[in-house]
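**Q** Quick one, what's the 3D model for this:
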Amino acid sequence: MSSGNVVIVGAGHAGVQVAASLRDEGFQGPIRLLSGEADLPYQRPPLSKAYLKGETGAEGLLLRAGAFYAAKDIDLRLGTTALAIDREARELVLAGGERLGYDHLVLATGTRARPFDVPGRALAGVLTLYTLGDAARLKTEVEAATAIVVVGAGFIGLELTAAAVAAGKSVTVIELGARPLGRAVSSEISTFYHGAHDRSGARLLFGAGVAALEGTDGRVEAVVLADGTRVPADLVLVGIGVLAEDRLAHAAGLPCDNGIMVDEFLLTADPAISAIGDCAAFPSPHVGTRLRLESVQNAVDQARCVARRLAGHPEPYVALPWFWSDQGPHKLQIAGLSHGCDRWTMRGDPAEGAFTVFGFRGDSLAVVETVNRPADHMVARKLISAGIRLTPEEAADPAVDLKALLKARSAGGPA
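**A** Model prediction:
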């Protein structure tokens, strides 16, 4: 469709990008962009890093300046909640009863915090980080805190840990799994970050479950572990992951399984509805199975893919996933996906704080994880995207110039 009425639910990276890209593609029809929050659309990744450390303010988080939406004739509706989808009438039911018609609906609803259902969860000083409002409260609380407990050693938990340690706070990390970032990275990367956080002064406890939170006068004062250990805390930061925000789609009868199920064009079972970003479970050509990814790259690239389709230029979504995480002085960058990797090799020395880990699926390079080696990351994205052959031996050999190899094999010549 090159015209018609597009309604977008969710104004994070995915929602804002699809609106902007529709205009870039020459789409002339009405675009309505709905956000459940009162703030102008903003970036979430810096909330646990630059914003918490005071390196940027709320203005610096904006995805687009406020004037952008009017200039592009995008009807941005802040503080607007969608309650239901009437698929037969092609209408979105909003809080307050308004019904908003659509020719095409894009669900960019993102995620919601995973429930942390333990006794004492409602005590003051127990916080999660999801919205800008959460981050503002967290920043104030961290400044006043003495003993901080972070529950969860995933990306958010460790980014919060690094920021709190940098602020001079005593931090204990509690993780149910056996290692940090256990579901996301290789054991080599886990080992490095375990050591890095240890050396920074954080205390990390693995294989530890939270049984309860205790407090006095309504304020948290300790975390009680499953084995009875009591960890003092005047602030608890919960970073145990998120769930796909697929409740609106599920209630409308759209198939959902760890996200809103879409095809290779990011269409749901209803041809008038697309789903993109963190909420979408899509078939990945890189691993041959359905995935849901939580990354800015995935959100933005899927938004562009849908915008092209709606503007009359359909193509399947095949973009290579990539990710990053800033934890203290150590920047982790990941190109590709580690699903099914059966061989790993490394170049560089973790003891020097800069190295690269290569993961292979059979004979094919599938993922490259780098710490403080951005040049390797950029080359890796091109190698994997182009399907260029790289052997484990070449990957491990520092004498092999990856950039030269990329150039030679891209041209079909000898490496």
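
**Q** Can you pull the poorly scored residue ranges out of the stretch 1-150 of the chain?
**A** Regions of the stretch 1-150 of the chain meeting the criterion pLDDT under 70 cover residues 1-3.

**Q** let's see it at 90
**A** Along the stretch 1-150 of the chain, segments meeting pLDDT under 90 span 1-4, 49, 52-53, 96.

**Q** That one: helices as residue ranges?
**A** 13-24, 66-71, 132-144 (DSSP state H, counting those that start in this stretch).

**Q** Now render these as TSV, adding distance to Ala252 and mean neighbour count.
**A** (Glycine included, C-beta is placed from N, CA and C.) Output for the helices of the stretch 1-150 of the chain, formatted as TSV (distance: least, CB to CB, whole Å; neighbours: other CB atoms under 10 Å):
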stretch	distance to Ala252	mean neighbour count
helix 13-24	18	25
helix 66-71	27	13
helix 132-144	28	15
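
**Q** Between those helices, which one is closest to Asp270.
**A** helix 13-24 (17.0 Å; CB to CB).

**Q** helices or strands up against that closest one?
**A** The contact analysis (3 or more CB pairs under 8 Å, 6 or more residues apart in numbering; DSSP states H and E) places helix 13-24 against strand 6-9, strand 31-34, strand 74-77, helix 296-310.

**Q** what angle separates the last one from helix 13-24?
**A** Using axes from the mean of the first three to the mean of the last three CA atoms, to 10 degrees, the inter-axis angle of helix 296-310 relative to helix 13-24 is 40 degrees.

**Q** starting at the chain centroid, how far to stretch 344-361?
**A** Remark: stretch 344-361 is offset 23 Å from the chain centroid, using CA atoms, centre = their mean, to the nearest Å.

**Q** ditto for stretch 348-368
**A** On CA atoms, centre = their mean, the centre of stretch 348-368 falls 22 Å from the chain's centre.

**Q** Just name the most buried of the helices and strands packed on helix 13-24.
**A** Across the helices and strands packed on helix 13-24, averaging neighbours per residue (mean count of other CB atoms under 10 Å) puts strand 6-9 on top, at a mean of 28.

**Q** Parallel or antiparallel, list what pairs with that strand.
**A** strand 31-34 (parallel), strand 104-107 (parallel) (DSSP bridges).

**Q** sorry, back to before: for the helices and strands packed on helix 13-24, which one sits closest to Thr109?
**A** From the helices and strands packed on helix 13-24, taking CB to CB, the stretch that ends up closest is strand 6-9, at 5.8 Å.

**Q** ok, now which ones touch Val16?
**A** Applying CB atoms under 8 Å, 6 or more residues apart in numbering to Val16 gives the contacts Leu33, Pro41, Leu63, Arg64, Ala303.

**Q** Serialize those to CSV and add fields for distance to Ile189.
**A** Output for the contacts of Val16, formatted as CSV (distance: CB to CB, whole Å):
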residue, distance to Ile189
Leu33, 37
Pro41, 32
Leu63, 29
Arg64, 34
Ala303, 29
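
**Q** Can I get stretch 172-188 in CSV, CA atoms only?
**A** What follows is stretch 172-188, C-alpha atoms only, in CSV (Å, rounded to 0.1, in the frame of the first residue of the first chain):
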residue,chain,number,x,y,z
THR,A,172,26.5,-7.2,45.6
VAL,A,173,25.2,-9.1,42.5
ILE,A,174,22.9,-12.1,43.0
GLU,A,175,22.5,-14.4,40.1
LEU,A,176,20.6,-17.7,40.0
GLY,A,177,22.7,-19.0,37.1
ALA,A,178,26.3,-20.3,37.1
ARG,A,179,27.9,-17.4,35.3
PRO,A,180,27.3,-13.8,34.2
LEU,A,181,25.6,-13.2,30.9
GLY,A,182,25.1,-17.0,30.8
ARG,A,183,22.4,-17.1,28.2
ALA,A,184,23.9,-14.5,25.9
VAL,A,185,27.7,-15.0,25.5
SER,A,186,30.5,-17.5,25.3
SER,A,187,32.1,-18.8,28.5
GLU,A,188,35.3,-16.8,27.6
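
**Q** pLDDT on it, on average?
**A** The average pLDDT for stretch 172-188 rounds to 95.

**Q** Please identify the buried residues of that stretch?
**A** By 16 or more other CB atoms under 10 Å, the buried positions in stretch 172-188 come out as Thr172, Val173, Ile174, Glu175, Leu176, Arg179, Pro180, Leu181, Ala184, Val185, Ser186, Glu188.

**Q** again, but for stretch 324-336
**A** Trp324, Ser325, Asp326, Gln327, Gly328, His330, Lys331, Leu332, Gln333, Ile334, Ala335, Gly336.

**Q** now, which of those sits nearest Asp75?
**A** Trp324 (32.6 Å).

**Q** If the closest one is in a bridge, with which residues?
**A** Gln333.

**Q** Domain map for the chain?
**A** Structural domains annotated on the chain: 6-112+243-310, 126-240, 329-410, as defined by automatic domain parsing.

**Q** Tell me which of these sits nearest to Val318.
**A** Nearest of the domains of the chain (CB to CB): domain 6-112+243-310, 5.3 Å.

**Q** tell me how far that closest one is from the chain's mean position?
**A** 14 Å.

**Q** And the closest residue to Ala124 other than its chain neighbours, what's its pLDDT?
**A** Excluding the flanking residues, the one nearest Ala124 by CB to CB, 6 or more residues apart in numbering is Arg219, at 4.7 Å. What the model reports as pLDDT for Arg219 is 98.

**Q** what's the answer for the one 4 residues further on, then?
**A** At Val223 the predicted local confidence, pLDDT, stands at 98.

**Q** Let me know the secondary structure of it.
**A** strand (DSSP: H, G, I helix; E, B strand; the rest coil).

**Q** Give me the buried positions along the helix or strand hosting Thr370.
**A** Per DSSP states H and E, Thr370 falls inside strand 364-371. Across strand 364-371, burial judged by 16+ other CB under 10 Å covers Leu365, Ala366, Val367, Val368, Glu369, Thr370, Val371.

**Q** Including distance to Gly259 and pLDDT, could those residues go into TSV?
**A** As requested, the buried residues of strand 364-371 are exported to TSV (distance: CB to CB, whole Å; pLDDT from 0 to 100):
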residue	distance to Gly259	pLDDT
Leu365	27	96
Ala366	22	97
Val367	21	98
Val368	26	98
Glu369	24	98
Thr370	28	98
Val371	29	98
